[in-house]
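S.K.: take a look and give me a structure for this.
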Amino acid sequence: MAIVNVERTGDGGFVARNDRGAEVKMGGSEEAGVFSPVELLLAAVGGCNIVTVEPLTAQRGHRLVRLAMTVEAEKVAPTRLGSVTITYDVELPEGDPKADEVFRSVAQRVEANHCTVSRALRENVGVNLVLPD
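M.R.: Got it, this is the predicted structure:
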């Protein structure tokens, strides 16, 4: 089970915390120094993919020199996103002719089958709202 607590802070901002002590500040897309909820969703898609792709390519003996990505989505309506696009930026190790093939294969399999966040978006996982009595 994954659990994150989100609350308003004393200064009127918002923060999400997990039980391991990590936290991330959030707010509106016009506020400096914070992530918007949509940006956090995109970060979750990217994070889920990249933290799975990196060790799998390295385990196969093809540690990438650079591994980064941009994750984007357009708002197609005020409260609706269009498709999410993940664009990788990689630098392959010199003298490793199989690295590109391995990276591409792993990245495609991870996004299609192993990234929980991507799968949740594709499969339209429901949201249940529980209000206090």
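S.K.: my guess is residue 73 meets residue 87, correct?
M.R.: No. Counting by Cβ atoms under 8 Å, residue 73 sits too far from residue 87 to count as a contact (11.9 Å). C-beta coordinates here come from the backbone N, C-alpha and C atoms, glycine included.
S.K.: who has more neighbours out of the two?
M.R.: A count of neighbours by other Cβ atoms under 10 Å puts residue 73 above the other of residue 73 and residue 87, at 16 against 10.
S.K.: helix/strand/coil for the more buried one?
M.R.: At residue 73 the chain is in strand, as set by DSSP: H, G, I helix; E, B strand; the rest coil.
S.K.: give the bridge partners for it, please.
M.R.: residue 84 (DSSP bridges).
S.K.: for residue 6, see how far away it is.
M.R.: To residue 6, residue 73 is 21 Å away according to Cβ to Cβ, to the nearest Å.
S.K.: repeat for residue 72
M.R.: 24 Å.
S.K.: before we move on, what about residue 100?
M.R.: For residue 100, the distance to residue 6 - Cβ to Cβ - is 40 Å.
S.K.: what's next to the helix ranked longest in the chain, contact-wise?
M.R.: Determined from DSSP state H, the single longest helix within the chain is helix 37-59. Applying Cβ atoms under 8 Å, 6 or more residues apart in numbering, the external contacts of helix 37-59 come out as 16, 24, 26, 29, 35, 63-64, 67-73, 75, 81, 84, 86, 99, 102-103, 106-107, 110-111, 114-118, 121.
S.K.: for PyMOL, what selects the buried ones among these?
M.R.: Buried members of those, defined by 16 or more other Cβ atoms under 10 Å, are picked up in PyMOL with:
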select buried, resi 16+26+35+64+67+69+71+73+84+86+99+102+103+106+107+110+111+115+117+118+121
